[in-house]
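[1] structure for the following, please:
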Amino acid sequence: MKATAHMKYVRISPRKISIVGDLIRGKEVEYAKAVLRNTPKAASEPLLKTLNSACANAENNFEMDVDNLIVAEVLVGAGPILKRIRPRAQGRAFRIFKRTSHITVSVAERS
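    From the prediction side, this is the model:
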């Protein structure tokens with residue numbers, strides 16, 4: 001059984017979040033939290049919040065032992081893209097894509 005948590009519309013590109021998500025996938029929860037706290041990337045903060053939420057869901061909704069949890073899966077998908085325009089030379093315009101992400105973190109008890 002898995003407990004999950006979702007965070008949607010995070011204003012960081014999915015590629016940047018996936019790099020940090022790969023660091024914690026399959027690890028113990030306490031180790032994963034330590035890695036996220038000490039990783040100097042902007043994506044570590046929303047991932048840590050989502051991981052804490054998944055642990056709270058596991059404890060309160062599924063009555064799992066928090067000390068015995070592992071990060072089962074970290075899914076990062078693309079959200080809507082905010083399109084902006086930057087002026088360029090000779091009256092042209094340049095598109096700026098501000099990407100958003102949807103994060104899903106699942107935790108499960110170690111078997």
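[2] only C-alpha atoms for contact and neighbour calcs from this point on.
    Noted.
[3] for residue 74, which non-adjacent residue is closest in space?
    residue 105 (4.6 Å; Cα to Cα, 6 or more residues apart in numbering).
[4] meant to ask about residue 65
    Sequence neighbours aside, residue 59 is the residue nearest to residue 65 in space, at 6.6 Å (criterion: Cα to Cα, 6+ apart).
[5] ok, now which ones touch residue 50?
    Contacts for residue 50 were tallied using Cα atoms under 8 Å, 6 or more residues apart in numbering; they are 5-7, 103-105.
[6] try it again with 7 Å
    Shown in contact with residue 50 (Cα atoms under 7 Å, 6 or more residues apart in numbering): 5-7, 105.
[7] phi, psi of the closest residue to residue 11 other than its chain neighbours?
    What sits nearest to residue 11 in space, not counting adjacent residues and going by Cα to Cα, 6+ apart, is residue 100, at 4.6 Å. Torsion angles at residue 100 (phi, psi; degrees, to the nearest 10) stand at phi -120, psi 170.
[8] you'd agree residue 100 is up against residue 16?
    No: using Cα atoms under 7 Å as the test, residue 100 is too far from residue 16 to be in contact (10.6 Å).
[9] compare those two (neighbour count), which wins?
    Between residue 100 and residue 16, residue 100 has the larger neighbour count (other Cα atoms under 10 Å), namely 18 against 15.
[10] and the most centrally placed residue in the chain, how far from residue 108?
    Taking Cα atoms, centre = their mean as the criterion, residue 47 is the residue nearest the geometric centre of the chain, at 3.8 Å. Going from residue 47 to residue 108 by Cα to Cα, to the nearest Å gives 17 Å.
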